[in-house]
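Asks: How does the following fold in three dimensions:
(one chain, ligands or ions: 1)
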Amino acid sequence: MERLLLKKLYTAISMISAFIFVFLFLIMILLGSTSAAGSANAITLQNILSSDEGNQVYTDYFRPAIDEVYTKSNIMIELSWIMTPYLYTDFNKFDKEEISKIAWLCVEKDKEKEKYSKRTFDEYFRDLIKIEKFKNLEKDDLYKFISENEQSNAIYYGNVPNKINDFKKIKITLPVENVPNYYDVGMYDPFNTGMHMHYGIDISVPTGTKLLATFDGVITYNGYDAVGGNMVIISHGELHVLYAHLREPTKKGVNEKVKIGEVIGYSGATGKVTGAHLHFQACAAKTNNPYDSCVAHQAETFFNPKLLWNFDKK
Ligand SMILES: [Zn+2]
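Replies: Model prediction:
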C-alpha cells in the first residue's frame with residue numbers, strides 16, 4: 001500500500017515536472033522568438049561590421065570583390081548589394097568566387113563604348129535569383145534592407161577599424177557647428193585627371209567657418225601640404241582626424257591638448273581644391289606619426305567618418 005502510494009506520488013511528481021519542463025520550454029521558445037525577431041530588426045550592416053567576425057568576413061571575402069569590380073570597371077559598388085543576399089540565405093558559408101560573381105551583377109559593360117555602368121536593382125536582382133542558392137529571395141525584402149542600409153548611411157567603402165567599438169565610447173562632436181551639404185568618401189574625379197579614391201568627407205562650408213575639435217585629444221600635426229593645404233590632425237589614442245584646406249589653423253602646436261568643441265582653426269580653400277570646403281578624414285592607426293600613417297598610408301588606415309559621426313543630423 002505504502003509502495004503503491006509512493007509510486008503514485010512519483011508518477012505525479014514526474015508528470016508535474018514534465019509539465020513544468022514543457023511549460024518552461026515553451027516560454028523559452030516564445031521569448032527566444034521575440035528576441036530573435038527583435039534582433040532581426042536591429043541587424044544592420046554596420047552592426048555586422050562592428051563585430052570582429054563580421055569585419056573579418058568583410059575584409060577576407062567582400063572587400064576583395066568590391067576591389068576587383070572597381071579595378072576593372074572604375075565603379076564602386078555598394079557592399080549592401082552583395083552582402084545582403086547572404087543575410088537571407090546562409091551567413092556562415094562564403095565563397096570568394098560566388099561573391100565575385102554577385103559583385104559583377106551590379107555593373108554592366110557597354111560593349112560598344114567598352115565602358116561599365118552601374119545596373120539598376122531590378123537588373124541586378126533578375127540575375128541574382130538565377131543563382132540556385134538565391135532563387136527564393138524576396139525582392140521586396142532585399143530591396144528594403146538595402147535601401148534602409150543606404151538611408152541609414154550604415155555602410156560605405158572603407159576600412160572598419162578593429163577598435164571601432166572602443167571609438168564609439170569616445171565622446172565626439174561634429175567638426176563644424178552646422179553641416180550643410182557634404183560629399184562622401186568614395187571614388188571621384190574633381191580635376192578630370194581620372195577617378196581616384198576620396199578618403200574623407202568634404203563639408204561645403206564657406207571660408208572662415210569655425211572648425212571644432214571633435215573630441216578631447218592632442219594635436220599631432222599642424223602644417224602645410226601641397227594637396228591638403230593647411231592641415232591639422234587631432235588624435236585620441238589610435239583614432240585620428242584630419243582637417244584639410246584650412247585658411248587659418250590653430251596656433252597650438254604638436255603635443256598640445258585640445259578639448260572637445262574647441263576651435264582648432266577656420267576653414268578655407270588652401271591646397272589643391274576646386275572651392276572652399278572642409279576635408280574631414282578619419283583614420284585608425286597605432287602610430288607615432290599620424291601624418292605619415294593617415295596621409296601617406298591612407299588606403300590602409302582610413303575609414304568612413306560616418307561610422308562614428310552623424311553628418312545628417314539636423
Ligand atoms: Zn576632400
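
Asks: show me the contacts for the nearest residue to residue 207 once chain neighbours are set aside.
Replies: Sequence neighbours aside, residue 276 is the residue nearest to residue 207 in space, at 4.5 Å (criterion: Cβ to Cβ, 6 or more residues apart in numbering). The way it works is simple: take the backbone N, C-alpha and C, and place the C-beta from them, glycine included. Residues in contact with residue 276 (Cβ atoms under 8 Å, 6 or more residues apart in numbering) are 204, 205, 206, 207, 245, 267, 268, 269.

Asks: Report the spatially nearest residue to the closest residue to the ion within the chain, omitting neighbours in sequence.
Replies: Nearest residue of the chain to the ion (Cβ to the ion) works out as residue 279 at 3.4 Å. Take residue 279 and drop its neighbours on the chain: the residue closest to it by Cβ to Cβ, 6+ apart is residue 244, 3.9 Å away.

Asks: Give the buried residues for stretch 231-238.
Replies: Along stretch 231-238, the positions that meet the burial threshold by neighbour count (16 or more other Cβ atoms under 10 Å) are 231, 232, 233, 234, 235, 236, 238.

Asks: so how many other residues sit close to residue 296?
Replies: Using other Cβ atoms under 10 Å, residue 296 has 11 neighbouring residues.

Asks: Next one: it from residue 302, what distance?
Replies: Distance, residue 296 to residue 302, by Cβ to Cβ, to the nearest Å: 12 Å.

Asks: Likewise for residue 136?
Replies: Look at residue 136 and residue 302: by Cβ to Cβ, they are 38 Å apart.

Asks: In terms of packing, which of the two has more residues around it?
Replies: Remark: of residue 136 and residue 302, residue 302 carries more neighbours, 27 against 9, as counted by other Cβ under 10 Å.

Asks: partner residues bridging that one?
Replies: Partner residues in beta bridges with residue 302, using DSSP bridges, are residue 283.

Asks: Run through the strands of the stretch 151-300 of the chain in chain order.
Replies: Listed in chain order, the strands of the stretch 151-300 of the chain (DSSP state E, counting those that start in this stretch) span residues 182-183, 186-188, 196-198, 201-203, 210-212, 217-225, 229-236, 239-249, 257-258, 263-267, 278-284.

Asks: Which one of the ones you listed lies nearest to residue 74?
Replies: Distances from residue 74 to each of the strands of the stretch 151-300 of the chain were compared by Cβ to Cβ, and the smallest falls on strand 186-188, at 7.2 Å.

Asks: tell me the pLDDT at the spatially closest residue to residue 247 that is not a sequence neighbour?
Replies: Taking Cβ to Cβ, 6+ apart, and ignoring the residues beside it in sequence, residue 247 has residue 268 as its nearest neighbour in space, at 2.6 Å. If you check residue 268, the pLDDT there is 96.

Asks: count of neighbours near residue 268?
Replies: For residue 268, the neighbour count with other Cβ under 10 Å is 24.

Asks: The ion contacts on this protein?
Replies: Counting by Cβ under 5 Å from the ion, the residues of the chain close to the ion are 200, 202, 279.

Asks: Which of these sits closest to residue 312?
Replies: Comparing the residues of the chain next to the ion against residue 312 with Cβ to Cβ picks out residue 202 as the nearest, at 14.9 Å.
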